[in-house]
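**Student:** Here's a sequence, model it:
(2 chains)
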There are 2 protein chains.
Amino acid sequence: MKIDNSPPRGTRDLLPDRVAARDHALAEISEVYRRHGYRRIETPALEDIRRLRGGEGGENEKLVFQVLRRGLDEVVAAGTPVGDLVDLGLRFDLTVPLVRFYADNQATLPTPFRSFQFAPVWRAERPQKGRYRQFHQCDIDLIGEGSVLAEVELIEATTEALAALDITGTTVRLSDRRFLSALARHTGLAEAEWPGFFIGLDKLDKIGWDGVRAELTGKRNLPAAAVDTARSIIEGLVGLDPAKVADRIADAVPTVPDEVVADLATTVAGLVDLGTTRAVRWEFDPTLVRGMGYYTGQIFEISHPGSSSSVAGGGRYDKLVGRAAGKDVPACGFSLGFERIIDLIPEVPARSALAVLVEPDVPVPHALRRAREARADGREVVVIRRSGKLPAQLGRLEAQGFTGFVHLRAVTAGGAGEPERPLRSAE
Amino acid sequence: MKIDNSPPRGTRDLLPDRVAARDHALAEISEVYRRHGYRRIETPALEDIRRLRGGEGGENEKLVFQVLRRGLDEVVAAGTPVGDLVDLGLRFDLTVPLVRFYADNQATLPTPFRSFQFAPVWRAERPQKGRYRQFHQCDIDLIGEGSVLAEVELIEATTEALAALDITGTTVRLSDRRFLSALARHTGLAEAEWPGFFIGLDKLDKIGWDGVRAELTGKRNLPAAAVDTARSIIEGLVGLDPAKVADRIADAVPTVPDEVVADLATTVAGLVDLGTTRAVRWEFDPTLVRGMGYYTGQIFEISHPGSSSSVAGGGRYDKLVGRAAGKDVPACGFSLGFERIIDLIPEVPARSALAVLVEPDVPVPHALRRAREARADGREVVVIRRSGKLPAQLGRLEAQGFTGFVHLRAVTAGGAGEPERPLRSAE
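**Tutor:** So this is what the prediction gives:
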């Protein structure tokens, strides 16, 4: 009988080398976020199914792994809606739980509150290459800071985390939902048409202006004149000199509120100042939309030439916390695409372990004592039984990352003098 | 409208101080296990429901959070068994997934394989104080080592991990399932009566000999003579001199196989040898049973005066891997009771953070620059807006673990000279 031992469809096991690489990356990221005052929290993997269906999760709400109620009858009564059988679900992101967490604990949390989360999320997506049904998200959020101080700090911390991982060549793309709304209004689109306009615009990097125009005027039935006006304004705002971004936006869309222009000017000034410390490439990108409906202000992504999708994304969501907390609390977050980042970084530094090779006649206490002695200086020391031909076993050990070995035989086991020998001829 | 923002029943949120304490403990444990060659792996939280119902999980199999199949009709057809609606479940331990992982990846894993796991598990237990429906397990397992070298090494690594956490006063309790079986046979019990005998015996520390005798002879209908024989033998084996454990067991239960006696002698010799390096209190405990049915050899627990249940437990399970891998592979594991351990260790070292207090008229880039400068030496530096009365705000910051602050005003913001001031008068 052949037993299928593979993990569930769309999930995967992580072997030691891969876990080590991930742990190494997480340690670097955590250290950067710690220095910026972000402190890690944890929420349970399960949330009330009604919360996961609350309308803030967009398309992800359709992808929830639903958990059966406990104590049900063994046979379902006729006519039972599936929804009645379910009370919990696995979280599909870390933002919905964060908002619940903040609302529940706000009395004991400092203001502002800087949250760091690194945890798995689950989505019942159709499995495909590079997409998993369980994957990790890595989010920082600043709750309670209403000014763009939050935006600039989040961009600084996130780009610093990427730099700590030696991920270079990235570009921060910046826009503002309020600018997009003013643009849509300026072109004459009715407010009900804006969401469709944004969704179409979001595809620009994939299908180009001809594709966007076809979708907006065809499938979405928007007036061609409005689309052409938008295109012309957007094309005039690409590749701007940093010093001129705010003014040019105000010129191009006169109905953009002053506050939005001032906020953009401040963020730009902050990024310019950061640029005096280390290289940060950024651009104002009027075509940036971001998928989630809850953004209310500046939005940002970080793109990398080695990754077709962005390696980080985020923005301001000032109305989301209020839905749980009862009163609005400004908030802004930035999420690193951890799984994509792992694909971009080089392999983790090799381990440096010593193998204590034990012949069968060596007493167990002696073998363990020899390992203990070698381990005293903090090294990784592993007791392994001698088996097969010695050169073949040494070759396997070297492939596993061992750099040295001690060959322990009964006659020598009592003595302290078995020498350590290097496994790599170069050493 | 009052919104309930608490986490699902029986689960909890972890706030930053608590996460920091847990991370600190995990780092200490991980470092000890790393030095012993244990490497971390990860498996998905979800497993096939049939695997979670495979019979190796004991009572835990009844506590699985079951996950609904995707793509079901909105209304369940009449007469549908609940089981037909489910295909996945959340793991209730880390052993069942480890066995699947090993069987699936054995071709690429070294022999022996030393696994370290730290991950959440889920059990739909009736919520009660100190018991959660999501909690973390922390397991090391040595797969592919058939001798008690595994047992002694696992005990050494686990006690060293506890020592690294400054958890002292622990006692390792050691027994062997094969001894228990021989004892049961020796008293004249039929093999079918052994499981009930073990379950009753396992309660000795809670209900005493009178209670055990009442349960075994009453509820379980075992012959009183057999129970009294067992009691007499067990009482004769408590508190033995280490050097005499193996001999006394062989004397007390002559049918104990020689191999079992030799293994116990070796483990005892290993523990005695370890005791020459650091203090390890241990005892042979003939009443130790361990709940799971899959143990096949030596079993062990670590007890601590500050915890009513054990802080670690494990043993040999030589037949479990074979059920998935198709051929038997010897295995032995030791699991730290991470949640209990966290309750035993002192609070994590205080953070040492600098607050950059920013008056409203300070430009954002200046505030962030000042923080960046102070952060250059690796410190945690947090930008916080000035609000309310200064002494009150400083008091709040001190309570949050800040040790110093910089008061940034617009007039000084351009200069580099705002002094850092300590928050604690003692410093």
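**Student:** show me where pLDDT drops low in chain A?
**Tutor:** Confidence mapping of chain A against pLDDT under 70 gives the ranges A:1-2, A:349, A:411-417, A:425-427.
**Student:** any idea whether A:H407 is helix, strand or coil?
**Tutor:** Of the three states, A:H407 takes strand according to DSSP: H, G, I helix; E, B strand; the rest coil.
**Student:** does it really touch A:V362, like I thought?
**Tutor:** No: applying C-beta atoms under 8 Å as the test, A:H407 and A:V362 come out as separate, 10.2 Å apart. Yep, even glycine has a C-beta here, placed from its N, CA and C like the rest.
**Student:** more neighbours, the two?
**Tutor:** More crowded of A:H407 and A:V362, by other C-beta atoms under 10 Å in any protein chain shown: A:V362, with 24 against 17.
**Student:** Would you check how far apart the more buried one and chain B are?
**Tutor:** Look at A:V362 and chain B: by C-beta to the nearest C-beta, to the nearest Å, they are 10 Å apart.
**Student:** sec struct for the closest residue to chain B within the stretch 251-400 of chain A, please.
**Tutor:** Of all residues in the stretch 251-400 of chain A, the one sitting closest to chain B is A:V382 (3.3 Å; C-beta to the nearest C-beta). The assignment at A:V382 comes out as strand when based on three-state DSSP.
**Student:** what bridges to it?
**Tutor:** Beta-bridge pairing for A:V382 (DSSP bridges): A:A355.
**Student:** contacting residues around it?
**Tutor:** A:353-356, A:371, A:402, B:36-37, B:114 (C-beta atoms under 8 Å, 6 or more residues apart in numbering or on different chains).
**Student:** go on, A:A157?
**Tutor:** A:32-33, A:36, A:38, A:140, A:334.
**Student:** Please apply the same query to A:L201.
**Tutor:** A:180, A:212, A:216, A:230, A:287, A:289.
**Student:** ok, 10 Å please
**Tutor:** A:180, A:183-184, A:212, A:215-216, A:227, A:230-231, A:234, A:286-289 (C-beta atoms under 10 Å, 6 or more residues apart in numbering or on different chains).
**Student:** Buried among those residues? Need that as a selection in PyMOL.
**Tutor:** To isolate the buried ones among the contacts of A:L201 in PyMOL, judged by 16 or more other C-beta atoms under 10 Å in any protein chain shown, type:
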select buried, chain A and resi 180+183+184+212+215+216+227+230+231+234+286+287+288+289
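**Student:** ok so, going back, spit out the residues that contact A:H407 and A:V362 alike.
**Tutor:** In contact with both A:H407 and A:V362: A:356, A:386, using C-beta under 10 Å, 6+ apart.
**Student:** Closest one of the contacts of A:V382 to B:R173?
**Tutor:** B:H36 (21.4 Å; C-beta to C-beta).
**Student:** okay, the helix ranked longest in chain A in CSV with CA atoms only?
**Tutor:** In chain A, with assignment by DSSP state H, the single longest helix is helix A:16-35. What follows is helix A:16-35, C-alpha atoms only, in CSV (Å, rounded to 0.1, in the frame of the first residue of the first chain):
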residue,chain,number,x,y,z
PRO,A,16,15.9,22.8,7.7
ASP,A,17,18.0,24.8,5.2
ARG,A,18,14.9,26.7,4.1
VAL,A,19,13.8,27.4,7.6
ALA,A,20,17.3,28.6,8.5
ALA,A,21,17.2,31.1,5.5
ARG,A,22,13.8,32.3,6.6
ASP,A,23,14.8,32.7,10.2
HIS,A,24,17.9,34.6,9.2
ALA,A,25,15.8,37.0,7.1
LEU,A,26,13.2,37.4,9.9
ALA,A,27,16.0,38.2,12.4
GLU,A,28,17.4,40.9,10.2
ILE,A,29,13.9,42.4,9.6
SER,A,30,13.0,42.1,13.3
GLU,A,31,16.1,44.0,14.3
VAL,A,32,15.4,46.9,12.0
TYR,A,33,11.7,47.1,13.2
ARG,A,34,12.8,46.8,16.9
ARG,A,35,15.1,49.8,16.5
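**Student:** Give me the residues contacting the following helix or strand past that helix.
**Tutor:** Downstream of helix A:16-35, the next assigned helix or strand under DSSP states H and E is strand A:39-40. Applying C-beta under 10 Å, 6+ apart, the contact partners of strand A:39-40 are A:30, A:33-34, A:109-110, A:113-119, A:140, B:14-20, B:22-23, B:351, B:353, B:380, B:382, B:400-401.
**Student:** From those residues, list just the buried residues.
**Tutor:** Applying 16+ other C-beta under 10 Å to the contacts of strand A:39-40 flags A:30, A:33-34, A:109-110, A:113-119, A:140, B:14-20, B:22, B:351, B:353, B:380, B:382, B:400-401 as buried.
**Student:** thinking again about what came up before, tabulate the contacts of A:V382 in TSV, adding columns for distance to B:F65.
**Tutor:** Shown next, in TSV, are these (distance: C-beta to C-beta, whole Å):
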residue	distance to B:F65
A:A353	38
A:L354	43
A:A355	41
A:V356	43
A:A371	41
A:F402	41
B:H36	33
B:G37	34
B:R114	30
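**Student:** Of those residues, which is the nearest to B:R100?
**Tutor:** B:R114 (17.6 Å).
**Student:** ok, back up a step: chain B next: which of the contacts of A:A157 are close?
**Tutor:** A:32-33, A:36, A:38 (C-beta under 10 Å from any C-beta of the partner chain).
**Student:** Nearest to B:G54 among those?
**Tutor:** Nearest to B:G54 among the ones next to chain B among the contacts of A:A157 is A:Y33, at 40.7 Å by C-beta to C-beta.
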